[in-house]
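Asker: would you be able to build a 3D model of this:
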Amino acid sequence: MGKKIIKERIPVKWVFIISLILYALDDSWNEGFSISNTLFSLILGLSLTYAIYKTGSLWADTGIHWGLNVCYGIFNGTLGSSDGGIIKTMYEPQSMFLEMISSIVPLFMFLFVYLLRNKFVR
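Answerer: Here you go, the predicted model:
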């Protein structure tokens, strides 16, 4: 019922825009503000908002987000922990190219799924 009320009152593009802004702002509170983190958050927010839009349920979005957090915790350690996960990383300044790759790859993954889904599911 809530989805129907939102769809009737707010155009879909505004739901996407509002969701992306809120997600990026929330993530910057958690990770700190940087251009690369904001770009990554916008791409991830787009993917999660699209999951809600296509499924009509928060469960898909919640499952995807929880799964990403679990994977991040396994590999890099849980948030607020300095112990690290199964991968020990050294933080060194990265080139702009490497920072952009971490956003371009998820963007291409989203576009691939979006285009593939729209080709086979009508």
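
Asker: using CSV, write out every CA atom in stretch 59-77.
Answerer: Below are the C-alpha coordinates for stretch 59-77, written out as CSV (Å, rounded to 0.1, in the frame of the first residue of the first chain):
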residue,chain,number,x,y,z
TRP,A,59,13.4,-6.9,1.3
ALA,A,60,15.5,-7.1,-1.9
ASP,A,61,17.2,-3.8,-1.0
THR,A,62,17.7,-4.9,2.6
GLY,A,63,19.2,-8.2,1.5
ILE,A,64,21.5,-6.7,-1.0
HIS,A,65,22.7,-4.1,1.4
TRP,A,66,23.2,-6.6,4.3
GLY,A,67,25.1,-8.9,2.0
LEU,A,68,27.4,-6.2,0.9
ASN,A,69,28.0,-5.2,4.5
VAL,A,70,28.8,-8.8,5.5
CYS,A,71,31.2,-9.2,2.6
TYR,A,72,32.9,-5.9,3.5
GLY,A,73,33.2,-7.0,7.1
ILE,A,74,34.7,-10.3,6.2
PHE,A,75,37.3,-8.8,3.9
ASN,A,76,38.0,-5.5,5.6
GLY,A,77,36.8,-5.9,9.2
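
Asker: ok now it, how far from the chain's centre?
Answerer: Put simply, stretch 59-77 sits 10 Å off its chain's centre (Cα atoms, centre = their mean, to the nearest Å).

Asker: flag every buried residue along that stretch.
Answerer: Ala60, Asp61, His65, Gly77 (16 or more other Cβ atoms under 10 Å). Every C-beta, even on glycine, is put in place using the N, C-alpha and C of the backbone.

Asker: report pLDDT for the last one.
Answerer: This means Gly77. pLDDT recorded at Gly77 is 71.
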